[in-house]
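**Q** got a structure for you, letters missing:
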DNA sequence: GAACGTATGTCAGGATGCTGACATGAGTCA
DNA sequence: TGACTCATGTCAGCATCCTGACATACGTTC
């Protein structure tokens, strides 16, 4: 297996390391959010709405990396629980702009604190320079992957 | 939302960037592997076995970030398709060491090429120094997250 | 105005994966 | 030896999410 061009060394592969880090982060976030009865997608939805009020179900789905159907089901639950409000009719087109309620903002604040603690733990031992470099590298990876492969 | 200590700026958050990059990579890998009738977990299993023959179902599950149950179901399919072999009885304990067959190695070679192309595309525009730095940062993140949170 | 492409919300169906639980085998410690 | 802990394989049941499809609404183009 040490032959040239044979396999992909998983311990060196940036793709594998990416998956490993993402998986560990997700597990830690789920653990931190469980006491608050919140899933990662649930939290992501609230955080997105806090930063960009009026996002539609489809836009939230893209931002939280799930399908429209899943996000719409979640939004119905959040509406029922009083964390999110949506108008009965679309002001334009078919998109229903969602908004956080006061309760939604309050619940989000707790969740944000928990998630921030996880992220701080993850970044322990990394200098500001390293964090900044990591942001640049990750942004570059995303941009390169967005570009479709040459058919 | 620019208030101190309010939300987490998703465009700056390394956690969000990590998820974004990982999600984009997974989508690209699935796209690249689809013509070969292979899923990402399927490929991961084969690649792990190529590098470390004799891994058990549970060990493969941890390496591919799925549950033992899912990996075992996959292994049964791979055995049926002749890509993997396992002894009928455990040589020691209950763990059944899995091995790639010749066919498994051949199918893996195709998949590895496809995945390598995706990874190369992802790393376009990044210098060797940046790639090396990214490895260091990701390994540090994983290690920090492994350490359980102080209760 | 009409046709086309795109984006959204929504429905049904099915595949996929996980949680929880159990019995077995091996190692550890007294 | 016996009790304890840990890891593995396996079963059943359930939750979750996605794929595929359809109707609607807007913008663009001719």
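**A** Received the coordinates, thanks. Model, not experiment: these values are computed from the prediction.
**Q** which stretches in chain A count as helices?
**A** Here chain A has its helices, by DSSP state H, at A:14-33, A:40-51, A:57-64, A:68-80, A:102-122, A:128-146.
**Q** is the second one in proximity to DNA strand C?
**A** No: contact of helix A:40-51 with DNA strand C (C-beta under 7 Å from any atom of the strand) is absent, the minimum separation being 12.1 Å. C-beta coordinates here come from the backbone N, C-alpha and C atoms, glycine included.
**Q** ok, that helix near DNA strand D or not?
**A** Yes: interface with DNA strand D: helix A:40-51 contributes residue A:41 (C-beta under 7 Å from any atom of the strand).
**Q** buried ones in that helix?
**A** Buried positions in helix A:40-51, judged by neighbour count with 16 or more other C-beta atoms under 10 Å in any protein chain shown: A:40-51.
**Q** the residue nearest to residue A:13 when sequence neighbours are not counted and residue A:84, how far apart?
**A** Excluding the flanking residues, the one nearest residue A:13 by C-beta to C-beta, 6 or more residues apart in numbering or on different chains is residue B:119, at 6.8 Å. Residue B:119 is 39 Å from residue A:84, where distance means C-beta to C-beta, to the nearest Å.
**Q** just residue A:131 next, same as before
**A** Distance, residue A:131 to residue A:84, using C-beta to C-beta: 32 Å.
**Q** with neighbour numbers in mind, choose between the two.
**A** When residue A:131 and residue A:84 are compared for neighbours, residue A:84 comes out ahead with 22 against 14, by other C-beta atoms under 10 Å in any protein chain shown.
**Q** show me the contacts for that one.
**A** A:45-46, A:49, A:75, A:78, A:98-101, A:104 (C-beta atoms under 8 Å, 6 or more residues apart in numbering or on different chains).
**Q** so it bridges to which residues?
**A** Counting by DSSP bridges, residue A:84 forms beta bridges with residue A:100.
**Q** okay, it: pLDDT?
**A** The model reports residue A:84 with a pLDDT of 95.
**Q** cool, and residue A:14?
**A** If you check residue A:14, the pLDDT there is 95.
**Q** which regions of chain A sit below the pLDDT cut-off?
**A** A:1-7, A:148-151 (pLDDT under 70).
**Q** residues of chain A that sit close to DNA strand D?
**A** Residues of chain A found near DNA strand D (C-beta under 7 Å from any atom of the strand) are A:39, A:41, A:66-67, A:69-70, A:73-74, A:92-94.
**Q** so which of the contacts of residue A:84 is the most crowded?
**A** Result: residue A:45 is most packed of the contacts of residue A:84 (other C-beta under 10 Å), 29 neighbours.
**Q** what's the neighbour count on the closest residue to residue A:19 other than its chain neighbours?
**A** Nearest non-adjacent residue to residue A:19, counting by C-beta to C-beta, 6+ apart: residue B:22, 5.9 Å away. For residue B:22, the neighbour count with other C-beta under 10 Å is 23.
**Q** need the residues of chain A near DNA strand C, please.
**A** Contact residues (C-beta under 7 Å from any atom of the strand) of chain A with DNA strand C: A:56-59, A:68-69, A:72, A:90, A:93-96.
**Q** please convert the residues you listed to CSV, extending it with neighbour count and distance to residue A:27.
**A** Below are the residues of chain A next to DNA strand C laid out as CSV (neighbours: other C-beta atoms under 10 Å in any protein chain shown; distance: C-beta to C-beta, whole Å):
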residue, neighbour count, distance to residue A:27
A:56, 20, 30
A:57, 22, 27
A:58, 15, 28
A:59, 17, 27
A:68, 14, 26
A:69, 10, 25
A:72, 16, 26
A:90, 12, 38
A:93, 7, 38
A:94, 9, 37
A:95, 15, 33
A:96, 18, 33
